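**Student:** Please work out how this folds:
(one chain, ligands or ions: 1)
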Amino acid sequence: MANLFYNRYIPPSIGSGEEHNADTDLQRPRKRPKKSAPPTPKQSPEDNPHRKLLSKYEKSKKSTSEAAAGDPTQKPLNDASSPPQKDGEETEQHGLLPIPQPSPAPSAPKPSLSSALPDWIRHPLIVPSHSHRAFTDLPLPSTTIENLKNKGFRKTLPIQDTLLQLLLPKSAPPPSGDICVSAPTGSGKTLAYALPMVENLKDMPARRLRGLIIVPTRELVAQTKEILDLCARGSGLKIGIAVGTRALGEERHLLLKKGQRYDIDAYLESKNKVIDEMADLMNWDFDALKDFSGIDEIPLLPGWVTDYTSKLDILICTPGRLVEHLNSTPGFNLHSVQWMIIDEADRLLDASFQQWVDTVMPQLEYLPPLNPLERKLHGTFRVGVRKREVRKVLLSATMTRDVSKLMGLKLSKPKLVVLDNGKLEDDAAEEEEKGTSTDGHVFTIPPSLTEIAINIDDTNDKPLYLLEILEYGIKPPGPSHNKTKEKSPALSSPSSSSSSTSSSTTSTSSSTTSPSPPTTHGTLIFTSSTPTTTRLTHLLHLLRPSLSPQIHPLTKHTPLKTRRKLLSLLSHPPPSPSTKPNRTLPVIITTDLLAHGIDIPALYQVINYSVPASVKDYVHRVGRTARAGREGRAVTLLEGQQARWFWNEIARGEQVGRGGRGVERGRVDMSKWKREEEGEEVGGERAQYEAALRELGDAARGGGK
Ligand SMILES: Nc1ncnc2c1ncn2[C@@H]1O[C@H](COP(=O)(O)OP(=O)(O)OP(=O)(O)O)[C@@H](O)[C@H]1O
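**Tutor:** Alright, predicted model coming up:
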């Protein structure tokens, strides 16, 4: 019955129509051609529009198979080059036999992937997971140590310990070479690069844009600025941001100061340029019009030219906005940049983001022309080739080992730094030798994270599974609910996929019996698309109107100010209306927009309502909780064939390191939502669910109440 309603009342596409169409249960994993992509849920034969075609193919497969059985030279069935026979068509031989083919040459042994990697990737610097140090033991100014202390940071986290020693200016040995960092989510990578950058760039003469930090999203820009401001307080450094929220022109004024300087060479060059441009225009060269530098470029006094100086020492930006400024803001360049940080590097290198690498790299290689004195010295003493030193630091929880992607960044004497969290590079290399590893990536899950996977018996009930999980934390089941649920928790863990003896499901979900109040709150739910997010939120509001003020969608359409407010809700939830502390509230439903880098320190749990599109996406999503050693849990809802993909690739796959821990199997008691026997009237909560689905369908068609 619900199946029927659901299919009828939820049309395939509502809202912006982005990402992909919705499917019957509000979700559909993104299709990826990669081997590790999860399968989409199975369709019933009635729903399959290609049923006829498939049955024809099956018939053809069968007939070819029979023919092949009698003729050993027949092509194998799975040969992609042989198209399926038409329905009912017999294979006609006409007495002809295929020309005998030589037997295939034995395939060469597959070269080990690890042996193809450069030395610096094969032999990383491993950071022990227990290395800590008091900030007072590091060469940092007392004001900075005080600022860190006020924030609650007294000791370094392990990755910080290593990077600070490698990168701080007064550390021994002196720093050299670029750094790639692979450390789990929430391990404190931001502070690990922010402190050295500030310490290296402060006390420089004259203000120039010397530091550049590139991150993939606006949220991350704002978050990174907070940490940079903390590290730079009292240093005199000016830190700014560039994101697409303001008009470009408005942002230009925040980046650059316009002035004039006396420079006769530049003056003559500029004058000639203007004359040439004017001449082009006189010749009606309309193409020249778009490049015309304008009257603005004509200096007021002979010998004087327009001069732009940076208002910032460090710029934090998204790649797209950076490219826009480089292409269109007069006077904006990266000619003085000495430090470039690429946070969430794998994500930034996976997508082109307006070919940011091709635009940024020539800027970093630019050498300013020598002044007359320098020219003379250069000629007289035959000073060697001038070279610009830009220190590059790349960081990610899923750092790419794809050398072709890294090559574009022209790393100099690179070093790979890996945080040891139970699965060292040696293990990975060994697996590759055995052919069990995919591409040398090993992603570590924070040790304080409990992972749970739950199989959905009926896809149409998936929203109800979610509701049960949320409600278990919201209020303990009362006597009106079924007895089974009272005895066993809604989310219980009867078995584990590994030999792990921990039963963290029980420990993390027993908030009502915990003697001390929980230090973490809130739930972040990931869906596969914006329309699914919108509909799921609406459905939960319809099902539980009293909770709707605490359940919010956050999508790409949510204004930045609202996004910030919602994220701070997760860290500092308002007092719960119920008497008992409510761990799962508030709830934010979102897409992969929030999967990377966002720091919600006290987030209690992540729920993968839609299965993530890749192992990497899983690692980043679940990494929004269990940060900096805090406890957290991640629940993944699985339907049909997705379960096999999840258990093979994520739970037991070679790409994920858990230090011997495993993913637990969870269970949700759904007895209260059971359908009535066929023919009987549907009553109670089930009827309410079906009414909510109808209302959702009406609203989607624009005919809602
Ligand atoms: N020295 C420290 N002591 C205690 N907490 C810290 C320390 N350094 C950072 N943190 C906290 O650790 C959390 C995670 O830090 P951060 O956001 O830098 O992680 P990350 O490694 O960049 O994670 P992701 O890969 O998800 O972006 C933050 O809440 C931060 O405030």
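**Student:** mind checking which helix or strand A643 is in?
**Tutor:** Taking DSSP states H and E as the definition, A643 sits inside helix 642-645.
**Student:** what's downstream of that helix, the next helix or strand?
**Tutor:** Using DSSP H and E, the helix or strand that follows helix 642-645 in sequence is strand 656-657.
**Student:** name the helices or strands packed onto that next one?
**Tutor:** When contacts are defined as 3 or more CB pairs under 8 Å, 6 or more residues apart in numbering; DSSP states H and E, strand 656-657 packs onto strand 443-444, helix 615-622. The way it works is simple: take the backbone N, C-alpha and C, and place the C-beta from them, glycine included.
**Student:** With respect to these, which exhibits the lowest mean confidence?
**Tutor:** Lowest mean pLDDT of the helices and strands packed on strand 656-657: strand 443-444, a mean of 88.
**Student:** Tell me the helices and strands packed up against that one.
**Tutor:** helix 615-622, strand 656-657.
**Student:** Tell me, how many residues neighbour E690?
**Tutor:** Around E690 there are 18 other residues, counting by other CB atoms under 10 Å.
**Student:** same question, M197
**Tutor:** Counted with other CB under 10 Å, residues neighbouring M197 total 27.
**Student:** Does anything pack onto the helix or strand it falls within? Which helices or strands?
**Tutor:** In this structure, M197 is located in helix 189-201 according to DSSP H and E. Under the contact criterion of 3+ CB pairs under 8 Å, 6+ apart, helix 189-201 touches helix 142-151, helix 158-167, strand 179-182, strand 211-214, helix 218-232, strand 314-317, strand 339-343, strand 391-396.
**Student:** could these be laid out in TSV, adding mean neighbour count and distance to the ligand?
**Tutor:** Below are the helices and strands packed on helix 189-201 laid out as TSV (neighbours: other CB atoms under 10 Å; distance: least, CB to the nearest ligand atom, whole Å):
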stretch	mean neighbour count	distance to the ligand
helix 142-151	14	7
helix 158-167	22	6
strand 179-182	27	9
strand 211-214	25	12
helix 218-232	20	7
strand 314-317	26	14
strand 339-343	24	7
strand 391-396	24	7
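**Student:** and the ones you listed as JSON lines, adding mean pLDDT?
**Tutor:** Supplementary listing: the helices and strands packed on helix 189-201 in JSON lines, determined by pLDDT from 0 to 100:
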{"stretch": "helix 142-151", "mean pLDDT": "95"}
{"stretch": "helix 158-167", "mean pLDDT": "94"}
{"stretch": "strand 179-182", "mean pLDDT": "94"}
{"stretch": "strand 211-214", "mean pLDDT": "98"}
{"stretch": "helix 218-232", "mean pLDDT": "95"}
{"stretch": "strand 314-317", "mean pLDDT": "98"}
{"stretch": "strand 339-343", "mean pLDDT": "97"}
{"stretch": "strand 391-396", "mean pLDDT": "96"}
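**Student:** show me where the stretch 551-700 of the chain has helices.
**Tutor:** Under the criterion DSSP state H, counting those that start in this stretch, the stretch 551-700 of the chain carries helices at the ranges 560-571, 615-622, 642-645, 684-700.
**Student:** Can you say which of those helices is nearest to L466?
**Tutor:** For L466, the closest of the helices of the stretch 551-700 of the chain is helix 684-700, at 12.0 Å, according to CB to CB.
**Student:** Go through the closest one and flag the buried ones.
**Tutor:** Within helix 684-700, the residues that qualify as buried are E685, R686, Y689, E690, A692, L693, E695, L696, G697, A699, A700, counting by 16 or more other CB atoms under 10 Å.
**Student:** of all these, which comes closest to the ligand?
**Tutor:** L696 (33.7 Å; CB to the nearest ligand atom).
**Student:** Could you find the closest non-adjacent residue to the residue in the stretch 601-705 of the chain that the ligand sits nearest to?
**Tutor:** Evaluated by CB to the nearest ligand atom, the stretch 601-705 of the chain has A628 as its residue closest to the ligand, separated by 3.2 Å. Nearest residue to A628 in three dimensions, chain neighbours excluded: G186, at 5.4 Å (CB to CB, 6 or more residues apart in numbering).
**Student:** for that neighbour, what are its contacts?
**Tutor:** Going by CB atoms under 8 Å, 6 or more residues apart in numbering, G186 touches P446, D599, G623, A626, R627, A628, R630.
**Student:** ok, back up a step: just send the helices and strands packed on strand 656-657 back as CSV, with mean neighbour count and distance to Y193 too.
**Tutor:** Conversion of the helices and strands packed on strand 656-657 to CSV gives the following (neighbours: other CB atoms under 10 Å; distance: least, CB to CB, whole Å):
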stretch, mean neighbour count, distance to Y193
strand 443-444, 25, 19
helix 615-622, 25, 18
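**Student:** want to throw the ones you listed into JSON lines with distance to the ligand?
**Tutor:** What follows is the helices and strands packed on strand 656-657, written out as JSON lines (distance: least, CB to the nearest ligand atom, whole Å):
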{"stretch": "strand 443-444", "distance to the ligand": "11"}
{"stretch": "helix 615-622", "distance to the ligand": "7"}
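**Student:** wait, which of the ones you listed is closest to R261?
**Tutor:** helix 615-622 (46.7 Å).
**Student:** could you check the angle strand 391-396 makes with the closest one?
**Tutor:** Taking axes from the mean of the first three to the mean of the last three CA atoms, to 10 degrees, helix 615-622 and strand 391-396 form an angle of 80 degrees between their directions.
**Student:** what's helix 615-622 packed up against?
**Tutor:** When contacts are defined as 3+ CB pairs under 8 Å, 6+ apart, helix 615-622 sits against strand 443-444, strand 603-608, strand 632-639, strand 656-657.
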